[in-house]
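Colleague: pasting the structure only:
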């Protein structure tokens, strides 16, 4: 049986050293972009156009698009709304296309586009993701959006959780230290994830701006089976694509 | 009391995002460059000139210098010897200056040179290092040499061990996720470090070339109080410098 490797990349700045055109790439930015994107699809968004720069987001806004844009957690003044999953309500997003630009997550998505398939991962869809990856039967590369190219814990824990699920299938293996480290950190945290998340830097950043109300929600597992997938320059639901 | 922060950088490629000119920078490459450098000073080397490229190492060799050089663990043909700490014996190195080039470690040392003081760290000198850092009373940045810019576990565990020792002094704090992660991984590993190290990628690489005889030695603590420090383009012993 052909074996498929799992690797985890802790920062967009390290992506060139992990890049694998044959791999399914899962981008995650648990607090909050990837959790928000999955939520948007749960609430019926038609497509999301991730853009790296605020200039691009602004140009889309001027063309009449609905735009979600934040930097450092704060909604930008030209945008319709920001980065909280709660912003992507059914009333706002159902049947719409939305342009989205965040500090870390959307840039990571565009970077990952060299992969054979680019998926958006969050706890919200983690079991569906693992199932799809096992069926795809390809290498898996998990790209953590991190924080301004620095390592962050919440994305690493998710990478560990997803790696463990996928490794249950023995067509997969890992000899990647970052994957092993992520799984060990997830094991240390999983007994009381919310207590562990208390210490992460992003929780402090969100709390300072009263944006930490979403932390519990962003760590809930399996609220949906929908998987956002990159299709050219925009994200659609994998299920709608079949 | 002025507080000093601790940060850990998991890869030379991430250094620009962590760079801190006010910090003491500790470079570590546990398997094997930083352990070999500390050993060389234990055995009386006068100075070590770390060079990033093999071309530079070769040029020094042609000028008559003694040269240690390896890539991917293998001694280069023009070099006098390679990267094993056991190569840096008293007979070979006492009173000498040695040019040194390795896959990851020597490049990391040169990268770190923007710090206020650049030290070479290994388990072999960890307590002396922690003591010196506490006395210096500056920020601490631990730079892991990693493996070809990828994250590696053995350097991360060392970063966790050193961070824990330094944090015992309450003039230090950390809000750096990479530091928190390194400490948690060290805690998971420290009960049986050799069993943990069994799984790291570098152990497999060394074993394949029969170079894994040094792994136990490279994880022995406090064999020396000597601390190699960067002085211009070369390393000397901090103690001899005073």
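Modeller: It's in. These numbers come from a predicted model, not from an experiment.
Colleague: quick check: longest helix of chain A.
Modeller: Assignment by DSSP state H gives helix A:153-167 as the longest helix of chain A.
Colleague: so does the next helix or strand after it get close to chain B?
Modeller: Next along the chain after helix A:153-167, taking DSSP states H and E as the criterion, comes strand A:172-173. No: figure legend: strand A:172-173 not in contact with chain B (Cβ under 8 Å from any Cβ of the partner chain); closest approach 12.1 Å. All C-beta atoms are positioned from the backbone trio N, CA, C, and that covers glycine.
Colleague: partner strands of strand A:172-173, with direction?
Modeller: strand A:4-9 (parallel) (DSSP bridges).
Colleague: report the next helix or strand after the partner strand in sequence order.
Modeller: helix A:15-18.
Colleague: now do the contacts for residue A:194.
Modeller: A:215-216, A:219 (Cβ atoms under 8 Å, 6 or more residues apart in numbering or on different chains).
Colleague: again, but for residue A:92
Modeller: Contact analysis of residue A:92 by Cβ under 8 Å, 6+ apart lists A:43, A:66, A:80-81.
Colleague: so which of the residues you listed wins on neighbours?
Modeller: Of all these, residue A:81 has the most neighbours under the rule other Cβ atoms under 10 Å in any protein chain shown, reaching 19 neighbours.
Colleague: run through the bridge partners of that one.
Modeller: residue A:68.
Colleague: show me the contacts for the most centrally placed residue in chain A.
Modeller: Nearest to the geometric centre of chain A sits residue A:28, at 2.5 Å (Cα atoms, centre = their mean). Residue A:28 sits next to A:34, A:120-122, A:142-145, A:155, A:158-159, A:162 when contact means Cβ under 8 Å, 6+ apart.
Colleague: for it, give the beta-bridge partners.
Modeller: As for beta bridges, residue A:28 partners with residue A:121, residue A:144 under DSSP bridges.
Colleague: still on that earlier bit, out of the contacts of residue A:194, which sit inside helices?
Modeller: Counted as lying in helices by DSSP H, out of the contacts of residue A:194, are A:215-216.
Colleague: just the buried ones among the contacts of residue A:194, please.
Modeller: Neighbour-count burial (16 or more other Cβ atoms under 10 Å in any protein chain shown) is assigned, among the contacts of residue A:194, to A:215, A:219.
Colleague: show me which of the contacts of residue A:194 is closest to chain B.
Modeller: Distance to chain B across these (Cβ to the nearest Cβ) is lowest for residue A:215, with 14.8 Å.
Colleague: burial count for residue A:139?
Modeller: With other Cβ under 10 Å as criterion, residue A:139 counts 20.
Colleague: for residue A:186, grab the count of nearby residues.
Modeller: 20.
Colleague: tell me the secondary structure at it.
Modeller: Under DSSP: H, G, I helix; E, B strand; the rest coil, the three-state class of residue A:186 is helix.
Colleague: give me the spatial nearest neighbour of it, chain neighbours excluded.
Modeller: Nearest residue to residue A:186, sequence neighbours excluded (Cβ to Cβ, 6 or more residues apart in numbering or on different chains): residue A:160, at 3.1 Å.
Colleague: and the pLDDT at that neighbour?
Modeller: Looking at residue A:160, its pLDDT stands at 98.
Colleague: so what's the residue sitting furthest away from the middle of chain A up against?
Modeller: Residue farthest from the centre of chain A, counting by Cα atoms, centre = their mean, is residue A:1 at 30.2 Å. Residue A:1 is in contact with A:170-171, counting by Cβ under 8 Å, 6+ apart.
Colleague: ditto for residue A:138
Modeller: Per Cβ under 8 Å, 6+ apart, neighbours of residue A:138: A:4, A:22-24, A:116-117.
Colleague: quick check, nearest of these to chain B?
Modeller: Using Cβ to the nearest Cβ, the contacts of residue A:138 come closest to chain B at residue A:23, 15.1 Å.
Colleague: quick one: residues contacting the closest one.
Modeller: A:7, A:115-116, A:138-141.
Colleague: what does chain A have sitting close to chain B?
Modeller: Residues of chain A lying close to chain B by Cβ under 8 Å from any Cβ are A:10-11, A:13-14, A:17-18, A:147-153, A:156, A:175-178, A:180-181, A:184-185, A:187-188, A:199-202, A:204.
Colleague: now those: which count as buried?
Modeller: Buried members of these, scored by 16+ other Cβ under 10 Å, are A:10-11, A:13-14, A:17-18, A:147, A:149-153, A:156, A:176-178, A:180-181, A:184-185, A:188, A:200-202.
Colleague: show the backbone phi and psi for the closest residue to residue A:233 other than its chain neighbours.
Modeller: Distances taken as Cβ to Cβ, 6+ apart put residue A:49 closest to residue A:233, at 6.3 Å, once the chain neighbours are dropped. Main-chain dihedrals, residue A:49, degrees, to the nearest 10: phi -100, psi 100.
Colleague: contacting residues around residue A:49?
Modeller: Residue A:49 touches A:60, A:65, A:97-100, A:233-235, counting by Cβ under 8 Å, 6+ apart.
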